[in-house]
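> need a 3D model of the following:
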Amino acid sequence: MVENMIKHQKLIISFMILALIVCTAIMTSGCTDYKTYKDGLYAYSIQYPETWDLDSPIPILGIVVTNPEDNSNVKIQCSDISESLKSHSFEDIVQSEVSGLQFHDAGFIEDTDIIEEQFTTFNDHEAYEIEYTYKLLRQEYHVKSIYFIDEDYLFVLTYEATSDNYKDDLKAADKIMKSIEL
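As a prediction, this is how the structure comes out:
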């Protein structure tokens, strides 16, 4: 009888320790509540952490959600490219968009360096992903952009942070970008 009680107490203590470990892991894993933004013009939605700020959407410039702690941000831009699609491939359109990075070196932005670029898929769409850095007023920034087309619209999802903070919010930024629903 006493032996059964000791086994029972050990089982309860083991369960409590396991529960404490699981709760600690959940609390420190970056889990947070998310808000939803629904765009009325281009009919997409995204989820973003409730601790991040949503800048007022501007149709041509898109939306920006910003982490107020370090100013890293995710920008969603969408544009109608129906006319371009009649005579240009996805690769041509992306090349035209990305070629603008080469012009960053004229003016305040300097030292643009492409780290990685590739054609891939994103949420079941043909996509192009590019990661690069640049300097603006002596501060280095790290950027990850994903380009994809849905129907007649080009979507550009961009995560940008100072190089020092890039890895800190990369997981949250990826989750925001992957949350897009069309």
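> let me know the average pLDDT across stretch 114-133.
Averaging pLDDT along stretch 114-133 yields 96.
> now do the buried residues in that stretch.
Phe122, Asn123, His125, Ala127, Tyr128, Glu129, Ile130, Glu131, Tyr132 (16 or more other C-beta atoms under 10 Å). The C-beta positions use only the backbone N, C-alpha and C, and glycine is treated the same way.
> what's the nearest residue to Lys35 if we skip its chain neighbours?
Computed as C-beta to C-beta, 6 or more residues apart in numbering, the closest residue to Lys35 that is not its neighbour in sequence is Glu50, at 5.1 Å.
> average pLDDT for stretch 50-58, rounded please.
90.
> endpoints of that stretch, how far apart?
Terminal residues of stretch 50-58 lie 20 Å apart, using C-alpha to C-alpha, to the nearest Å.
> repeat that for stretch 69-77.
End-to-end span of stretch 69-77 (C-alpha to C-alpha): 23 Å.
> any regions of the chain where pLDDT drops low?
Residue ranges of the chain with pLDDT under 70: 1-5, 7-31, 102-108.
> how about the helices of it, start to end?
2-27, 82-87, 90-98, 166-178 (DSSP state H).
> got the buried residues for the second one?
Yep, that's helix 82-87 we're talking about. In helix 82-87, counting by 16+ other C-beta under 10 Å, buried: Ser84, Leu85.
> for the last one, same thing?
Across helix 166-178, burial judged by 16+ other C-beta under 10 Å covers Tyr166, Asp168, Asp169, Ala172, Ala173, Lys175, Ile176, Met177.
> quick one: the third one and Ser72 touch, right?
Yes: using C-beta atoms under 8 Å, Asp169 and Ser72 qualify as a contacting pair, with a distance of 4.4 Å.
> report the set of residues contacting both of those two.
Common contact partners of Asp169 and Ser72 (C-beta atoms under 8 Å, 6 or more residues apart in numbering): Tyr159, Ala161.
> relative to Asp39, how far out is Tyr132?
The gap separating Tyr132 from Asp39 is 26 Å, by C-beta to C-beta, to the nearest Å.
> determine the longest strand present in the protein.
Using DSSP state E to define each element, the chain has its longest strand at strand 109-122.
> paired strands for it, with orientation please.
Applying DSSP bridges, strand 109-122 is found paired with strand 125-136 (antiparallel).
> tally of neighbours for Glu91?
11 (other C-beta atoms under 10 Å).
> contacts only, for the nearest residue to it once chain neighbours are set aside.
The shortest distance from Glu91 to any non-neighbouring residue, by C-beta to C-beta, 6+ apart, is to Phe119 (7.3 Å). Shown in contact with Phe119 (C-beta under 8 Å, 6+ apart): Glu91, Glu126, Ala127, Tyr128.
> fine, thanks again, bye for now.
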